[in-house]
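Participant: this one's sequence-less:
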């Protein structure tokens, strides 16, 4: 990272108030939310608002490409395709730490959770990192 990111926290760069989906919602609803909001992933929550997974464009693509999943599409809910466990960070985590985790795990987003580590409060994505890099002064 660069000098600008030193000391920066995930909370300073994240997208707050993430769009979430309930685990019992139909997959079609997940597809609609991803498309409507032009995002690539959704935190999945249970009835109490607790983070239980994440569903991404790649998950939906896999369902479309897999014959038995595609035939079952109308009866499937988000819980059937979501990924878990979810990689998370806290608002107070350093940007450097979050970027390292994303690179090591080969993911494009981390769900930012509250201090108890249970409720999604933001999304930290590669887009946030690119915005930060693009706005940084040029290095000599």
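Facilitator: Good, I have the coordinates. Computed from a predicted structure; not experimentally measured.

Participant: and the residue nearest to residue 26 when sequence neighbours are not counted, how many neighbours?
Facilitator: Sequence neighbours aside, residue 77 is the residue nearest to residue 26 in space, at 6.0 Å (criterion: Cβ to Cβ, 6 or more residues apart in numbering). The C-beta positions use only the backbone N, C-alpha and C, and glycine is treated the same way. Residue 77: 17 surrounding residues under other Cβ atoms under 10 Å.

Participant: Same question for residue 7.
Facilitator: 10.

Participant: what residues are up against the residue nearest to it when sequence neighbours are not counted?
Facilitator: Sequence neighbours aside, residue 94 is the residue nearest to residue 7 in space, at 7.4 Å (criterion: Cβ to Cβ, 6+ apart). Counting by Cβ atoms under 8 Å, 6 or more residues apart in numbering, residue 94 makes contact with 7-10.

Participant: need the contact list for the residue nearest to residue 26.
Facilitator: Counted by Cβ under 8 Å, 6+ apart, residue 77 has contacts 23-27.

Participant: Strands along this protein, start to end?
Facilitator: For the chain, the strands defined by DSSP state E cover 15-16, 21-22, 41-45, 51-56, 88-90, 109-113, 120-125.

Participant: ok so, going back, any figure for the gap between the residue nearest to residue 7 and residue 85?
Facilitator: Residue 94 sits 22 Å away from residue 85, going by Cβ to Cβ, to the nearest Å.

Participant: Repeat that for residue 62.
Facilitator: 18 Å.

Participant: so the spatially most central residue of the chain bridges to which residues?
Facilitator: With distances taken as Cα atoms, centre = their mean, the residue of the chain nearest its centroid is residue 109 (4.4 Å). On the basis of DSSP bridges, residue 109 is bridged to residue 125.
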